[in-house]
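*Asks:* next come a sequence and a model predicted from it.
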Amino acid sequence: MSAKTLSLMCDSKPLSVVIDRLIVAGWVGKDTVALQKHIDELAELGVEPPGRTPTYMSLSPDILTTAEEVSAIAATSSGEVEAVLVRDRDGVLYLGVGSDHTDRDFERYSIPASKQMCPKPLAREIWLFEDVEDHLGQLVLRSWMTDDQGHEVLYQEGDLNANRELKELLQGMPNDCVSPGQSFCLYCGTFPAIGGLRYGRKFIFEIYDPILKRSLKHHYEVETLPQFL
C-alpha cells in the first residue's frame with residue numbers, strides 16, 4: 001500500500017507527515033443508548049449491525065485530503081466529524097479533526113467499501129497530543145451541514161467523554177492494523193446526527209478545546225460526479 005504525504009501545520013509551523021496506514025474506528029460510544037441509536041440510524045438504511053464494538057477498518061491513506069472541494073459518485077454521501085489521532089514515523093502523536101465521509105447507499109452492502117469510496121477530509125492544523133492529553137474528555141466535536149436552502153445547520157455535537165477514551169482506542173487496535181515503525185491516521189468515531197442522517201453540499205466540522213480556548217476547524221464542499229450509464 002502506498003503512503004500519503006500530508007502538508008499540515010502544528011503550533012503555526014509547517015509539518016510534513018507521511019501516513020502509512022489509515023484506520024477508521026466505528027461504534028466507539030460509551031453510552032449504550034446513544035450507541036444503539038447510531039446503529040439504528042444505519043439499520044434504517046439497511047446496514048447490518050457490527051459483529052464487535054469498537055470496529056477497526058483499514059483503508060487506503062490515498063483518500064486522506066485537506067482540500068476544500070471533494071467529489072463523490074452519488075448524492076447519498078455525508079460526513080461525520082471525528083477526532084483524529086496522527087502518529088508519525090518517529091512515534092510523535094498528534095490530535096486533529098476530520099470527517100469520515102461515507103457513501104450511505106453503498107453502506108448497505110459493505111461498510112468498509114462505502115468508506116473507501118469517499119475522501120477523508122482532515123483539517124490542515126493539528127495539535128501535539130501531549131498538549132491536550134490531560135483534558136481530552138472535555139474537547140467538543142461539532143459539525144454543520146447546509147440544508148436545501150443553503151443554510152448552515154448544526155448536524156452533530158458532543159464531547160469526547162461520550163466515547164471511549166482515545167488511548168483505549170489506540171491500545172485496542174488489532175496488531176495487524178499497523179506494523180512497528182509505521183505512521184498512521186486513526187479516525188476515532190463520531191456521534192449520532194441531530195435529527196437523523198441528511199445530505200448537503202457543504203460540510204463544516206471542528207474540535208473545540210474549552211480549556212485552552214482554541215479550535216481546529218475545516219470545511220469542504222461535495223461535488224456529485226455526473227454519470228452516463
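*Replies:* Everything's here; your move. Residues are numbered from 1 along each chain as shown.
*Asks:* spit out the contact partners of M57.
*Replies:* I23, V24, A25, G26, I111, P112, K115 (Cβ atoms under 8 Å, 6 or more residues apart in numbering). Using the backbone N, CA and C atoms, a C-beta is placed for each residue, glycine as well.
*Asks:* check S16 too.
*Replies:* Per Cβ under 8 Å, 6+ apart, neighbours of S16: T5, L6, S7, L8.
*Asks:* just the buried subset of these, please.
*Replies:* The neighbour count (16 or more other Cβ atoms under 10 Å) marks L6, L8 as buried among the contacts of S16.
*Asks:* take the contacts of M57 and keep only those in strands.
*Replies:* I23, V24, A25, G26 (DSSP state E).
*Asks:* wait, the second one touches Y187, no?
*Replies:* Yes: counting by Cβ atoms under 8 Å, a contact exists between V24 and Y187, whose distance comes to 4.4 Å.
*Asks:* check which helices and strands the lengthiest strand in the chain is in contact with.
*Replies:* Longest strand of the chain, by residue count under DSSP E: strand 214-224. Contact here means 3 or more Cβ pairs under 8 Å, 6 or more residues apart in numbering; DSSP states H and E; on that basis strand 214-224 packs against strand 69-72, strand 93-99, strand 125-128, strand 202-209.
*Asks:* pairing partners for the longest one, with directions?
*Replies:* When pairs are called by DSSP bridges, strand 202-209 turns out to pair with strand 140-146 (antiparallel), strand 214-224 (antiparallel).
*Asks:* now the ones you listed in a markdown table, with distance to P174, mean neighbour count and mean pLDDT?
*Replies:* As requested, the strands paired with strand 202-209 are exported to a markdown table (distance: least, Cβ to Cβ, whole Å; neighbours: other Cβ atoms under 10 Å; pLDDT from 0 to 100):
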| stretch | distance to P174 | mean neighbour count | mean pLDDT |
| --- | --- | --- | --- |
| strand 140-146 | 25 | 20 | 96 |
| strand 214-224 | 28 | 17 | 97 |
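*Asks:* can you list these in TSV and add distance to S16?
*Replies:* Output for the strands paired with strand 202-209, formatted as TSV (distance: least, Cβ to Cβ, whole Å):
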stretch	distance to S16
strand 140-146	26
strand 214-224	18
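*Asks:* need the CA coordinates for the lowest-mean-pLDDT helix or strand in the chain. PDB is fine.
*Replies:* Ranked by mean pLDDT, DSSP states H and E, the helix or strand of the chain with the weakest confidence is helix 32-43, at a mean of 76. This file holds the C-alpha atoms of helix 32-43, laid out as PDB (Å, rounded to 0.1, in the frame of the first residue of the first chain):
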ATOM      1  CA  THR A  32     -25.000   2.200  25.100                       C
ATOM      2  CA  VAL A  33     -28.300   4.000  24.400                       C
ATOM      3  CA  ALA A  34     -26.600   6.600  22.100                       C
ATOM      4  CA  LEU A  35     -24.500   3.800  20.500                       C
ATOM      5  CA  GLN A  36     -27.600   1.800  19.700                       C
ATOM      6  CA  LYS A  37     -29.200   5.000  18.300                       C
ATOM      7  CA  HIS A  38     -26.400   5.300  15.800                       C
ATOM      8  CA  ILE A  39     -26.600   1.600  14.900                       C
ATOM      9  CA  ASP A  40     -30.400   2.100  14.400                       C
ATOM     10  CA  GLU A  41     -29.800   5.100  12.100                       C
ATOM     11  CA  LEU A  42     -27.700   2.900   9.900                       C
ATOM     12  CA  ALA A  43     -30.100   0.000  10.200                       C
END
